[in-house]
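> only geometry, no sequence info:
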């Protein structure tokens, strides 16, 4: 005890003293990084406790972590939109080939924001033949609509070309967005796939007049279950029948129309107004109407995976061969792994399931009639050995840029042991995307202002290095606001002035007004079914399906009492 009667601090509790608790700059940066991953301060503190081996090893308490998060929020205040735009515009100034555009409404609030970096532009140069963009809701506190631009990469999975935020979904907003895209990339895509949004359709028509606009099949087909009623939505035979008509690229337009009408009659859907509307739009989304268009097969892909893992598998692992045909091994060296598996399956079927029923000479060419086991009909393959030109009636190469099983069957019959180079489409090959290390940050022969910009960056790096050498912990010596500015990579907002770009307010787009993700009809229905509803039970026996008045056990007890 001290003379004043106070208890002396126990050594094990020294880490709880205010003088011993202090967040280092590294810990503050770590908490900020955790926050960007939606990990709150308390969970972040528990992670640091686990990593370092105990509460006393962290150097702070969970309350200190929460206070730091509070300080960040106060530091940002009403400047969050201003700081975000400022950060992107700085990247546009210093990073090569980075694009950023924004505009504000009459009140000075952010109405649109668009950005694309160098890697996105490299991807667009190679994979920009078919592009899709779609509005995603409920992704930020202001209910801004997030609109990503995506395409299909050389692994047959999605790749991002650009990102954007819009305050409204009007035709004028989408026109500004597409004009910003055109300004950044210079060339409009050949094909654009969207949902049925009318504003998007108007904007594409006005800004991309030469671009073919198609509707996304997935967005349409996902609505079928809720449009045809409960009974048909659970009928697996109906689902198979409609998918056989819609999800096929083997039908001609006249064949599709006949089979569609037969399907409507069979399931008594001729009076369904939504299906009638979709039928009237058939040329915009049914594959039969664009099966002869170049790369039309890419208009239905929606899957997403990480490219880095796929690139690693392609370069450093060897797939197992399924046939003895030389073209299979050569295909493994040409294509990415995912695309090779598609080609490998076509080669396997060509060797195992396809056969030539007859052949005939047509000038310098030979026409083969190929039959696939267990499938009706013959496919015509026209092959010119002199020029190594091959064409199949199934149009797989025209739609996907990959040879079909019927073509491989003919090549095998003709003894072709080298993969036809003219049928190797560059977008599916291993090295179609240049490595970033091969892309110089600055052009030596560029204009003088670019050289001056590079020189300025070099001087800034040198000055930063000198500061590090002249101080042990420069970040620790800065005041709190300066440290927060360093952590957030944004200039410190001036408390005496108002924000240049105001945050949007009063947004009433589709999907706003709730922090929850929009759910489809199918998700809502399944969640209702999965919920365990509380059912009434008998108070005597605890069973279901009856109550205490009609319980058999009650009757049995009463009879035994009478007999006694």
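Happy to help now that I have it. The model shown is predicted, which means the values in this text are computed figures rather than measured ones.
> Low-confidence ranges, this structure, go.
1-17, 19-20, 137-140, 295-316, 434-478, 492-499, 506-535, 545, 554-564 (pLDDT under 70).
> Could you measure from the residue nearest to residue 353 when sequence neighbours are not counted over to residue 198?
Of all residues not flanking residue 353 in the chain, residue 373 sits nearest, at 4.5 Å (C-beta to C-beta, 6 or more residues apart in numbering). Yep, even glycine has a C-beta here, placed from its N, CA and C like the rest. Between residue 373 and residue 198 the distance is 47 Å, computed by C-beta to C-beta, to the nearest Å.
> Which positions in stretch 242-250 come out as buried?
Neighbour counts over stretch 242-250 (16 or more other C-beta atoms under 10 Å) mark 242, 245-246, 249 as buried.
> Go through those residues and say which is closest to residue 155.
Nearest to residue 155 among these: residue 249, at 21.0 Å, using C-beta to C-beta.
> For the closest one, give its distance to residue 392.
In terms of C-beta to C-beta, residue 249 sits 13 Å off from residue 392.
> Show me what residue 150 bridges to in the sheet.
residue 132, residue 160 (DSSP bridges).
> residues in contact with it?
By C-beta atoms under 8 Å, 6 or more residues apart in numbering, the contact list for residue 150 reads 131-133, 158-161.
> and which of the buried residues of stretch 242-250 is nearest residue 232?
Distances from residue 232 to the buried residues of stretch 242-250, taken by C-beta to C-beta, are shortest for residue 242, at 9.2 Å.
> Any figure for the gap between that closest one and residue 326?
Distance from residue 242 to residue 326, by C-beta to C-beta: 42 Å.
> and what of residue 59?
Here residue 59 is placed at a distance of 65 Å from residue 326 (C-beta to C-beta).
> ok, the two, which is more surrounded?
residue 59 (16 against 13; other C-beta atoms under 10 Å).
> wait, doesn't that one sit right on residue 21?
Yes - assessed by C-beta atoms under 8 Å, residue 59 is found in contact with residue 21 at 6.5 Å.
> burial of residue 94, as a residue count?
So residue 94, with other C-beta under 10 Å, has 12 neighbours.
> again with the one 4 residues further on
For residue 98, the number of neighbouring residues by other C-beta under 10 Å comes to 19.
> same deal with residue 162?
24.
> mind checking the backbone torsions on it?
phi -170, psi 170 (degrees, to the nearest 10).
> can you check residue 164 too?
Here residue 164 shows phi and psi, under degrees, to the nearest 10, equal to phi -160, psi 160.
> ok, back up a step: out of the contacts of residue 150, which is nearest to residue 52?
Nearest to residue 52 among the contacts of residue 150, with distances taken as C-beta to C-beta, is residue 160, at 36.8 Å.
> is it true that the closest one touches residue 148?
Yes - if you go by C-beta under 8 Å, residue 160 and residue 148 touch, sitting 5.8 Å apart.
> which residues in the stretch 101-250 of the chain form helices?
Remark: helices assigned in the stretch 101-250 of the chain by DSSP state H, counting those that start in this stretch are 118-127, 171-185, 198-207, 217-221, 224-227, 230-233, 236-246.
> Could I get the full set of helices for the stretch 301-450 of the chain?
307-316, 326-334, 337-352, 396-400, 405-413, 448-470.
> can you pull the contacts of residue 259?
By C-beta under 8 Å, 6+ apart, the contact set of residue 259 is 245, 251.
> so it is in which element?
Under the criterion of DSSP states H and E, residue 259 resides in helix 253-266.
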